[in-house]
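**Student:** Return a 3D structure for these sequence lines:
(one chain, ligands or ions: 1)
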Amino acid sequence: AQFISDKHGISITSNSDQHFQNGTLKLCVEGTAPVYFTYYTPLQWLKYLNLQDEHKVTKANPLTLNPGDSYEIKVYFCCHWVGFYPATLAFEFKPDLGPSSTSFHIVRFIEAQCMGSLGVELAPVAPYKPRSLPAWTPEVNCKIVDGQPPEGPLPAVIGVYTYIVINCFFCFGLFRRALLESPLSWENYTEKMQLLLYLEELQMEVDIKKYNIPNNDKEYATMVRDPVNKKLLVLEVPGVSENRPSVLRGDKLLVCPIGEKGVKYCGYVHSVQLDSVKLGFSSKLLDSFIDGMKFSVEFTVNRLTLRLQHRAAELAATKRLGKVLFPAAPAYVSQQIELPNLRLFDSKLEGNKEQSQAVQHIVAGSSKPAPYLVFGPPGTGKTVTLVEAIKQIEKTQASCHILACAPSNSAADLLCQKILDHVDDRKVYRMYASSRDPNCVPEQLKVSAGCSWECYTFPPKEELMEYRIMVTTLLTAGRLVTGGIPAGHFTHVFVDEAGHAVETECLVPLAGLLHAETGQVVLAGDPKQLGPILRSPFALKYGMGVSLLERMMNDFSLYQKDNDVFNNRYVTKLLRNYRSHPAILKIPNELFYDGELQCHADEILRNSYCNWQYLKQRGFPLIFHGVTGLDEREASSPSFFNRAEVEVLMGYVTKLLQTHSKKGLGSISPKDIGIIAPYRKQVLKIRKALEKVGKDLKLKDMNALKVGSVEEFQGQERRVILVSTVRSSPNYAEIDKKFSLGFVKNEKRFNVAVTRAKALLIVVGNPRVLNTDPTWAHFIKYCSDEGGYDGIHFTGILAEEDEDVVARLAALFIAINVQVRKTQISWKCQT
Ligand SMILES: Nc1ncnc2c1ncn2[C@@H]1O[C@H](COP(=O)(O)OP(=O)(O)OP(=O)(O)O)[C@@H](O)[C@H]1O
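**Tutor:** Got it, this is the predicted structure:
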């Protein structure tokens, strides 16, 4: 405040409060005595900004400003890069020119935003106004009027598992702590896993309550009728698509109309939109509903998934899975396993001894009852190894039934698609949960692999049991247990991306379905990629952040190296990367895999962008494009977007799609490109922009260009990957941490994002913000050293830039502990 305030009768203004006009800054003098204007300077070196005044004021050439005078300084901004450019200017004056005269300073902030028409189109629909809800205790002991659930099977009878929640609340300090602190063992397994689940649930309860909306004069919720299905009401829930709050199709919430006491209406979620949910209520509410009616809203934790995990932890004990979950090394070295001779479906695997041996061991069941582990860095062929083993078992073992699972729907879809390459689709059933949005089901799976996507009703148990291969997410596999599929029916359970799942999730397809002695479990994954996502700091502290795959690798000798070799009867480590150009692999290989990863990607494919005309450096198919955008939000949605990054991304997408087949460069279609962005809003803005690009280029299949979060890309690959990091202000780091969002300071997310590309990787982000994270700093330096840096000027040495400002403030005798407040005065010029 001290430095931005006008002083000694001098005021510094622009012609207009809001916008620069003709780039002019005006100094006005209103005092009674003359003042000497001695110096002005931007406090950072600004390549794109140029200040000029007629008198060419310097210390050696000061200008006398008399009362009533005004003096103009012209500000020129010239930049080729879209983005947001703030700067701090300091103006120095003296009351007289005597040698002992002390100068005084006035500081101004200016901002320039350089934007194209697309950026203008994507502007916030309304200024961001976060909803701050007061703490509120809902009425208890009300009559609940049930609503209309979405079509599909309702949760069947599973244990309720609530008793211990209360129990654990009161006894936590006494015996529970000892249990949590003791190492996990088969003896305490169920109890400890359940306790960790309760801790997680307690945190979920605390988190979700913050979103409850009271019904008072200031705060209330309103709903409108869904224009398509008049029996549904639409409730605005900003942030719901980023799990803030976490609400899925089939979940319930409670509303209470203003003035009504003692009754609440239960609404079932029929679909989750970006910032709203569609709810099914009883006709009692619908009949009296009028648009604009005021309600209180209570969100509830969906306990179904928790109950499935509790049940799995319990069944693990009753079904005696000790030998599976705590595998012992065999007491004696059993005879050499006879490995089957196999003709592989995917002939590529024949050239890789580790992969083909892993398939043989899995087919032979040589690790039983211990799980077989396939682990290794990205793109080393874990998924294809699993898929090959599934196909071989299906082909060679007439009585087999295979359950293939993954933590997410997109990874399970990928598994299913790969299986269908060679297996008759009448033998495969892709089972979806009712929470799955039918619009996200890949087209190929809509016409094969059962028809469950359409109506979410499942065939009778007997019919289901006839399918040779069942593909589900880990949690949806719980339906098979509920549906009474007997233990042992599935002879093999495969879990891909197992490192991404909480152990109790991974238990769901095992406990109750697997025969402890005869069943074969296969886990594939990479502990260096995305791990389990948890809310409770206690659950994390006491070990729930370690996946089953990681626990196996850490704790059991049969999965560890003996004399520097792994025993491939139990475990295979894959190290040949078949996906990416070596330049793309270099940083993750150095940072996460001790340089062990070897590049074996197909030469023609991996080099297919090495001569792309828009590369900064021929032969180096990586671009880091520095953009200083703004991380904006709109209306009441907490999700972020960055228009400047969308514009830069679209520039590249257009160039890519316009690059026709040239020498060494295949033509590319939207399905070969993927765009990864960390926030839902950015994903949507990118999709909107892509529609425009698709129209301009007259492309019909633009929807095939996948845009999604890192979670949606885990396990996926594309010829070209673009990454938008969005963050441009370091101030939001806490939000990212709290909600497990964003790229900064999240190594695993970084690792997954940069290892999806085969031939070209383009990262668009703010180098100043990313540079505060050592992993990103390493990556940006690498791109710059190899000539792959593009975009705004960036020295790469942030500390130096900061010191520069500090030094210059000091030089101006301005105290350096100023808390610089941004945008006191903000001019925007559009170019
Ligand atoms: N032996 C091989 N020879 C040639 N290509 C292979 C071989 N094994 C795998 N690939 C190819 O490598 C790519 C990556 O394989 P896959 O997706 O199975 O890797 P992953 O280890 O599961 O990766 P991620 O950890 O990222 O999920 C695929 O395009 C696959 O076809």
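
**Student:** C-alpha only now, for contacts and for neighbours.
**Tutor:** Will do.

**Student:** Helices along the stretch 251-400 of the chain, start to end?
**Tutor:** Assigned by DSSP state H, counting those that start in this stretch, the stretch 251-400 of the chain shows helices spanning 283-288, 304-318, 322-325, 353-364, 382-396.

**Student:** Now for E503: which residues touch it?
**Tutor:** With contact taken as CA atoms under 8 Å, 6 or more residues apart in numbering, E503 is in contact with 544, 546-548.

**Student:** Among these, which one lies nearest to Q397?
**Tutor:** Ranked by distance to Q397 (CA to CA), the contacts of E503 are led by L548 at 27.5 Å.

**Student:** give me phi/psi at the nearest residue to the closest one once chain neighbours are set aside?
**Tutor:** Distances taken as CA to CA, 6 or more residues apart in numbering place E503 nearest to L548, at 4.8 Å, with adjacent residues excluded. E503 has phi and psi values of phi -60, psi -40 when expressed as degrees, to the nearest 10.

**Student:** which residue does the stretch 651-800 of the chain bring closest to the ligand?
**Tutor:** In the stretch 651-800 of the chain, the residue that lies nearest the ligand is G715 (3.2 Å; CA to the nearest ligand atom).

**Student:** I figured that residue hits E497, correct?
**Tutor:** Yes - under the criterion of CA atoms under 8 Å, G715 makes contact with E497 at 7.3 Å.

**Student:** Redo the contacts of E503 as a markdown table? Include distance to the ligand.
**Tutor:** Formatted as a markdown table, these follow (distance: CA to the nearest ligand atom, whole Å):
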| residue | distance to the ligand |
| --- | --- |
| M544 | 22 |
| V546 | 18 |
| S547 | 15 |
| L548 | 17 |
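
**Student:** if I pick the residue nearest to S637 when sequence neighbours are not counted, what's in contact with it?
**Tutor:** Take S637 and drop its neighbours on the chain: the residue closest to it by CA to CA, 6+ apart is P238, 4.6 Å away. Going by CA under 8 Å, 6+ apart, P238 touches 244, 274-276, 636-638.

**Student:** Who wins on neighbours among those?
**Tutor:** P638 (23 neighbours; other CA atoms under 10 Å).

**Student:** Am I right that it sits in a helix?
**Tutor:** No - P638 sits outside any helix when classified using DSSP: H, G, I helix; E, B strand; the rest coil, being coil.

**Student:** Do you know the pLDDT at the nearest residue to E236 once chain neighbours are set aside?
**Tutor:** Leaving aside its chain neighbours, E236 sits nearest to S276 (4.1 Å; criterion: CA to CA, 6+ apart). For S276, the pLDDT comes out at 86.

**Student:** Which neighbouring residues are in contact with S276, exactly?
**Tutor:** Contacts of S276 (CA under 8 Å, 6+ apart): 234-238, 240.

**Student:** With R249 instead?
**Tutor:** So R249 contacts 150, 268-272, 434-436 (CA under 8 Å, 6+ apart).

**Student:** let's see 10 Å
**Tutor:** Contacts for R249 (CA atoms under 10 Å, 6 or more residues apart in numbering) come out as 149-150, 268-272, 277-279, 433-437.

**Student:** who in the stretch 451-600 of the chain is up against the ligand?
**Tutor:** Contact residues, the stretch 451-600 of the chain versus the ligand (CA under 6 Å from any ligand atom): 578-579.

**Student:** List the contacts of the residue of the stretch 451-600 of the chain found nearest the ligand.
**Tutor:** Closest residue of the stretch 451-600 of the chain to the ligand, CA to the nearest ligand atom: Y578 (4.0 Å). By CA under 10 Å, 6+ apart, the contact set of Y578 is 378-381, 598-603, 606, 758.

**Student:** Low-confidence ranges, this structure, go.
**Tutor:** The chain contains residues with pLDDT under 70 at 15-24, 45, 152-175, 331-335, 447-457, 660-666, 738-740, 796-831.
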